[in-house]
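Peer 1: coords please:
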Amino acid sequence: MEKVKLESLSLAHSLSDKPLPPSPLIPTSLEGGKVSDRLSQLKCNSENWKQRIEQTDAKKFTVAGRLQKKAQSPVELQFERSPNDEAKKCPMVEVRSANQPQLGLAKSPSMMVTTGGSAAPKSTLRSLSVNPEEEVPSLSRSNSSSSESDGERSAPQNAKHNKELANNKSAAAPTNVGARILVPRLDDKETFENFFASAPRKEESVQLEISSFDDIKPTERLVSKRNVQGPKGRRAARNPLKSLAAREDISSEYTEVRSGIAERELRRLKLESYGQNANLAAEAIAGLASIEDFKSVALRSSSIPLQQMWLPHKPVMLLHVKGRTHVQTRLVDPVHTSLNRGDCFILVAGAQLFRYVGSFANVIEISRSKKICAAIVENKDLGCTATQEVILTDGKYVNERQWRQFWQLLGKKEDDRSEIADCGHADEDDVFESSLIETNKIYEFQDDGLVPLDKFWGCIPKVDMLDTRKVLVFDFGSELYVWNGKNAPSDAKRAAMRLAQEHFGAENSADYAQCYLNPLNYACIVGRRENTKYAKRTEKRPEWCILGKITQNMETVLFKEKFSDWPELEREDLEKDYLANGIHEVRALNGTALYKGEPYQEPNLVLEQANLGRGNFYYDTDTMRHFDVITKSTDKWQIHEFNFDSENAREDYGHFYSAESYIVRWIYQISVTVRELSGKVSNRSTVGRDRCVYFTWQGRQSSANEKGAAALLTVELDKEKGAQLRVSQGDECTAFVRLFGQLWQHRGRKEDCLKRRSQWRLYQLQGNVKEETLLKEVDCQAGQLRSRNSMLLIHGSQGSVIVWHGSKSAAHTRSVALDAAMELVTEKPKHLFSCEDVKVTEMEEGSETEECRKVLGLSDQRKEYDSLTESTKAYNYQLRVFNFSSTQGVFKAIELIDPLRCQELQSPYPFSQEQLYNARQPTSFLLDDGDVLWLWMGWWPLEDVKINTDERSSPTNDNRAGVNRWISERRAALETAVDYWRAKHGENEKEPFHGIRGQVVWAGLEPVAFKALFPEWTDRSDVRDINEEDGRTNVPVTISEMLAQMTQTEYPLEVLKARPLPEGVEPTRLEVYLNSDDFKLALGCSRAEFEQLPIWKQTKLKKERGLF
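Peer 2: The predicted model follows:
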């Protein structure tokens, strides 16, 4: 059998290299009989198709491609590092204080013991005694983040789940756990034989004689012997030491639990020893026992409140955004030399926020910087109160004023002609990113020291490391944060902060000699620099560095950026809605439904689930119950930055100042009565308990510190645990105004206002009834006069009150203004008058005295405020305002409501300018002024949408969809206005667009007639500049003209190539507005041939022909 197998194998081997004989079943016309030949031919054909198409041009749109096009890439990087080089990290050393604090006194850096040493991994820190790790583990480095933990980012993770898991960890585990202690063994030679060594004995020789034994006396012998028998089956006795050694349930070590009782007892005994013979307090004894060197202590400025210590931000900060895989956002020196053209920078300075976009910044850096600025603006993070970012594009100096502010904050002088450093090597983003990550140092507070976390040392932090029971210290070079978990013990938080403070201020604490770069000064070598030398060891951290304390769930955006998997909050801004919902969802609204509106509702303040109505009563139609609101007391406090003053005089309660903040406490009761079947109010009523509400009134010009102090002091004053309500100037409800009867709002602070009593001051009236009178101070000039209102012109030192009535003011408005003036005669408030006698004079519009005309600067034509003296129109209506927006992806209209409205009385000027400009832009408003409509258009706040150069791809190409949607929204708003006019005035087929009468108004370019619809107006030059740059003017344009222009479907080629584009033209679809002849002339092909091309080829062709 074996022989047959061998012959078969031999035959198969001999036939494997010979061609098979032809078979009658296989056609002979087929070539390539071998399978290998067929496979090689197929492989060759699969590769040949690549030679028949154009090479990809994707590289041209990268940073390297743009650098190669401009021939700006340096030959070498700033330092040598290849992707396969080993990671260089800081040595892991444990940080401990050299001197433990005595009697609870903290140590300053001058009390630290200085020890010398080298920079080896087992060396000591400069001014701290440390316990170095026995062995520094070598961590493997990935391409993206130089750590094994960063490689895990490739796997999909639910970051939000990780954060919640970290926050919900149990806090029941002991936190004051010490080290592991070994139990001494009996056979431990080191412990027992050396410690309990027996003393040597001296042997003494005793001489005995035989006669000495005769002194021994014999004892009496036992008479009987008793035998005692033990129990049967008894085991033999065992050696207890052997049994104890054989047990396995006894541990040879235990965990020490530190209760602190011994330390406290020693401290108590020490205090008693100090003070047993002296009548001194414990604080005095502690001071005497201290060895603090007070001469070296830097006292904190008294202008900084206590709650602002260890803030995680500085007044002026320059953030550098650089990287490609995991973009690094680092704090750098806020000077102009830190900038370069290859990255993005964010300058945060109080109320100003600038974002600099370099010419060669990659798309990831631009997107990251944009999201950081959005988070700062939305959350008022990093101490920034800016309402929007200012975008500065490299090479585009459109707004010189903003550039001057930017350079001034960075300390650049006007005569300094130095330019921004050029972009560096195309690969420096990856090199600097990985090198910066390797400098990260993360500690955990354990055993009164900062212990390095080897898992995250030199790596990107992750959210799952944030344990609620721990205190972690993050050292990023220029930023050092102490992160406190919400369940961490208070002693650990204080001790960790003390250690971090000592480490932050210690000399040579920023030693990065073993790393590729120093995170404190790396910005000076980024980009093309003449000098690439820099110090890797810094003796002391500069003043612009941050030492901050961060509480869990209160992290700053700069801290969050250091993590690889921090759950990002979804930002519901207009631009994101535009991108997500496209431009085809915008449809005009139903004008009929918009005109009918909602049924009238009385103002109603709801507190503690109780309806208070206007502040005097509320009637529930469902239960037929009448609720009377009874005021028991009202108190008022003026808020300062560090304290508050109580208003003692009752007559001062009704006077508020726009640059100050106040707290008002209102104690009230609710009396409930029912109505009889006849409809009359019943005589029986029930009075409820005392209720309390705290109003925090914030002036428009009040500082952020005062607003914050008002909120904190409200909580402190609220002993009744009542409701708390914030009231901004201009948003006062009827119940709040009724507390004072007359509410006066003066401009500025009280001290400045008292100085202006010798000048004429103009007050504008708001409110329709006497009990809800609100008088607001405006500029004393003719531009603030309104023909539909009554105003008060007051001179404090002369005691003169002029009641100025507009020609179209209503009877109830005149009555309320006259009552307010007569109240001044009776009260003579010191806020307005410095004399004893006050007289009132009434004056009609058009019959002013010469003195009054001179004070107001009034001309004969009265063009300053659009006077209505010659108008024959009946003004027995109230202005209606609708806001068009699509913040949730759906185009809708919201009607604004007057907070001081009355059903039977018309408010002459119910809305303010701030309601237009404070709305999220871009947006539009429709104003119904009786027989004419106004359509107010906002502005596009993102200036980088205009960046369009050949040098690089625009960082806001994704915003083009947003611009198209904004155009569609304006078109829908115009169509809605036409339908609203048709519903109000009926159809008119004879005239286009039903003969609508209305104008389109652009923000910042409003005419005088439009400004006269609001109680006061302040011109906004910044918004005007934005719209003027977009080609808008103050030339009046009717709604019908604008709608006809936006619905136009064909334009000449020359018009489409000019800038700015006509209204309604979508910038990404210019080819659809060309006729057939211009289309072929512009693109070199017919419309049918163009539509057959792929999208990317269409875009490329339009860019080449200038139609994109």
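Peer 1: need the contact list for the residue nearest to Phe740 when sequence neighbours are not counted.
Peer 2: Using CB to CB, 6 or more residues apart in numbering and skipping the chain neighbours, the partner closest in space to Phe740 is Gly654 (3.6 Å). C-beta here means a position set from N, CA and C on the backbone, and glycine is covered the same way. For Gly654, the contacting residues are Phe740, Gly741, Gln742, Leu743, Trp744, by CB atoms under 8 Å, 6 or more residues apart in numbering.
Peer 1: again, only using 6 Å
Peer 2: Counting by CB atoms under 6 Å, 6 or more residues apart in numbering, Gly654 makes contact with Phe740, Gln742, Leu743, Trp744.
Peer 1: could the residues you listed be laid out in TSV, adding pLDDT and neighbour count?
Peer 2: Shown next, in TSV, are those (pLDDT from 0 to 100; neighbours: other CB atoms under 10 Å):
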residue	pLDDT	neighbour count
Phe740	90	20
Gln742	89	21
Leu743	92	22
Trp744	92	21
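Peer 1: Which members of those residues are positioned in helices?
Peer 2: In helices, defined here by DSSP state H, there are no members of the contacts of Gly654.
Peer 1: Closest to Phe884 out of the residues you listed?
Peer 2: Leu743 (32.5 Å; CB to CB).
Peer 1: which residues does the closest one bridge with?
Peer 2: Following DSSP bridges, Leu743 is listed with bridge partners Leu774.
Peer 1: Quick check on the residue nearest to Leu472 when sequence neighbours are not counted: phi, psi?
Peer 2: Distances taken as CB to CB, 6+ apart put Trp483 closest to Leu472, at 4.6 Å, once the chain neighbours are dropped. As for Trp483, its main-chain torsions (degrees, to the nearest 10) stand at phi -90, psi 120.
Peer 1: any idea how far Ala375 is from Trp483?
Peer 2: For Trp483, the distance to Ala375 equals 19 Å [CB to CB, to the nearest Å].
Peer 1: Val881 touches Leu927, doesn't it?
Peer 2: Yes: Val881 is within contact range of Leu927, at 5.3 Å (criterion: CB atoms under 6 Å).
Peer 1: still on that earlier bit, mind putting the contacts of Gly654 into CSV with distance to Asp37?
Peer 2: Output for the contacts of Gly654, formatted as CSV (distance: CB to CB, whole Å):
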residue, distance to Asp37
Phe740, 101
Gln742, 104
Leu743, 98
Trp744, 101
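Peer 1: hang on, the earlier thing: show me which of Trp483 and Ala375 is the more surrounded one.
Peer 2: A direct count of neighbours by other CB atoms under 10 Å for Trp483 and Ala375 places Trp483 higher, at 25 against 19.
Peer 1: separation between that one and Tyr512?
Peer 2: To Tyr512, Trp483 is 22 Å away according to CB to CB.
Peer 1: Likewise for Phe891?
Peer 2: Using CB to CB, one gets 55 Å for the distance from Phe891 to Tyr512.
Peer 1: again, but for Glu706
Peer 2: Counting by CB to CB, the separation of Glu706 from Tyr512 is 43 Å.
Peer 1: higher neighbour count, these two?
Peer 2: Set Glu706 next to Tyr512 and count neighbours by other CB under 10 Å: Tyr512 wins out with 25 against 21.
Peer 1: Might one say that that one is in contact with Lys536?
Peer 2: Yes: using CB under 6 Å, Tyr512 is in contact with Lys536, at 5.0 Å.
Peer 1: Common neighbours of these two, please.
Peer 2: The contact sets of Tyr512 and Lys536 overlap at Asn518 (CB under 6 Å, 6+ apart).
Peer 1: Could you count how many residues lie near Asp447?
Peer 2: The number of residues packed near Asp447 is 15, by other CB under 10 Å.
Peer 1: Let me see the contact set for it.
Peer 2: No residues are in contact with Asp447 under the rule CB under 6 Å, 6+ apart.
Peer 1: Angles on the backbone of it, please.
Peer 2: Dihedral pair for Asp447: phi 50, psi 50, per degrees, to the nearest 10.
Peer 1: Among the contacts of Gly654, which one lies nearest to Leu589?
Peer 2: Of all those, Leu589 sits closest to Leu743, with 37.0 Å by CB to CB.
Peer 1: ok, now which ones touch the closest one?
Peer 2: Shown in contact with Leu743 (CB under 6 Å, 6+ apart): Gly654, Val737, Leu774.
Peer 1: if you set the cut-off to 10 Å instead, what comes out?
Peer 2: Listed by CB atoms under 10 Å, 6 or more residues apart in numbering, the contact partners of Leu743 are 653-656, 697, 732, 736-737, 766-767, 772-776.
Peer 1: same deal with Leu824?
Peer 2: Gln742, Trp744, Leu775, Leu792, Ile794, Gly799, Val801, Leu832, Phe833, Val838, Val840.
Peer 1: One more: Gly783?
Peer 2: 856-858, 863-866, 1008, 1011-1012, 1016-1017, 1019 are the contacts of Gly783 under CB under 10 Å, 6+ apart.
Peer 1: where are the low-confidence patches of the stretch 1001-1108 of the chain?
Peer 2: Scanning the stretch 1001-1108 of the chain for pLDDT under 70 picks out 1108.
Peer 1: Show me where it has its helices.
Peer 2: Assigned by DSSP state H, counting those that start in this stretch, the helices in the stretch 1001-1108 of the chain fall at 1008-1011, 1021-1029, 1039-1046, 1053-1057, 1076-1083, 1087-1092, 1095-1104.
Peer 1: among those, which is nearest Asp333?
Peer 2: The closest of these to Asp333 is helix 1021-1029. By CB to CB, the value is 29.3 Å.
Peer 1: Tell me the backbone dihedrals of the residue of the chain most remote from its centre, please.
Peer 2: Using CA atoms, centre = their mean, the residue of the chain lying farthest from its centre is Ser211. It sits 108.2 Å away. For Ser211, the backbone dihedrals (degrees, to the nearest 10) come out as phi -70, psi -20.
Peer 1: and it, what pLDDT?
Peer 2: At Ser211, the pLDDT value in this model is 72.
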